[in-house]
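[1] Just the structure for this:
(chains A and B)
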Amino acid sequence: KAGVTQTPRYLIKTRGQQVTLSCSPISGHRSVSWYQQTPGQGLQFLFEYFSETQRNKGNFPGRFSGRQFSNSRSEMNVSTLELGDSALYLCASSLAGWRGHGNSPLHFGNGTRLTVT
Amino acid sequence: DAKTTQPPSMDCAEGRAANLPCNHSTISGNEYVYWYRQIHSQGPQYIIHGLKNNETNEMASLIITEDRKSSTLILPHATLRDTAVYYCIVRVRGNYGQNFVFGPGTRLSVLP
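    You can find the predicted model right below:
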């Protein structure tokens, strides 16, 4: 079974631009979560989607947004990029949301490394 | 904030067992313990999880104390490829994934 796929793998953007990152979950997984990882703050939760609805949201400004499609694929968008948005953005999928799978672990992709100049 | 405490770093000789401790003294009855590891420039890799019984899979064993206030991840025969940051996480079982809170983890160095 294929793992979580994130595209692109690397991205370089300029301050003020916007960016869209894509995530394809493991087949059968309908829960998708996004995390930001920086050297200073570590791994921080952005948001989680299930059945095209945002279920949980972390403490990030409104410039960070996401969505999920009917096929469970997800995108996240960052508008008006700032230098501090440079990070590894990780997507994870899970069976959570299906009855009896509330303790299912997250399975992560290898991330998109975003550099803002 | 993370609900777990782990040593910042550990060394282990190649071929020996690596025992990584984790304290979660405020864990509640419905919270599971999860272990992940992250090798540089890759996403975190799921290793194992458990509630109160010891668990074993092809990667590792998880030993949870009877009072559930601490646990140990055991890599039975560490190899150089096991060098990584290991994260111990507790979270509540819920209808959805709910957010996993990652602390700084333990940086394990497997030495030749």
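
[2] How about the contacts made by residue B:57?
    When contacts are counted by Cβ atoms under 8 Å, 6 or more residues apart in numbering or on different chains, residue B:57 touches B:47, B:48. All C-beta spots, glycine's among them, are computed from the backbone N, C-alpha and C.

[3] let's see it at 6 Å
    Applying Cβ atoms under 6 Å, 6 or more residues apart in numbering or on different chains to residue B:57 gives the contacts residue B:48.

[4] Same question for residue B:110.
    Taking Cβ under 6 Å, 6+ apart, we find residue B:110 in contact with B:12, B:14, B:78, B:80, B:82, B:83.

[5] buried subset of those residues?
    Buried subset of these (neighbour count, 16 or more other Cβ atoms under 10 Å in any protein chain shown): B:12, B:78, B:82, B:83.

[6] just to revisit the earlier point, in JSON lines: the contacts of residue B:110, plus pLDDT, secondary structure and distance to chain A.
    Listed next are the contacts of residue B:110 as JSON lines, based on pLDDT from 0 to 100; DSSP: H, G, I helix; E, B strand; the rest coil; distance: Cβ to the nearest Cβ, whole Å:
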{"residue": "B:12", "pLDDT": "97", "secondary structure": "strand", "distance to chain A": "23"}
{"residue": "B:14", "pLDDT": "97", "secondary structure": "coil", "distance to chain A": "26"}
{"residue": "B:78", "pLDDT": "97", "secondary structure": "coil", "distance to chain A": "22"}
{"residue": "B:80", "pLDDT": "97", "secondary structure": "helix", "distance to chain A": "20"}
{"residue": "B:82", "pLDDT": "97", "secondary structure": "helix", "distance to chain A": "18"}
{"residue": "B:83", "pLDDT": "97", "secondary structure": "coil", "distance to chain A": "17"}
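
[7] Pick the one among the residues you listed closest to residue B:48.
    Relative to residue B:48, the closest of the contacts of residue B:110 is residue B:82; by Cβ to Cβ it sits at 13.7 Å.
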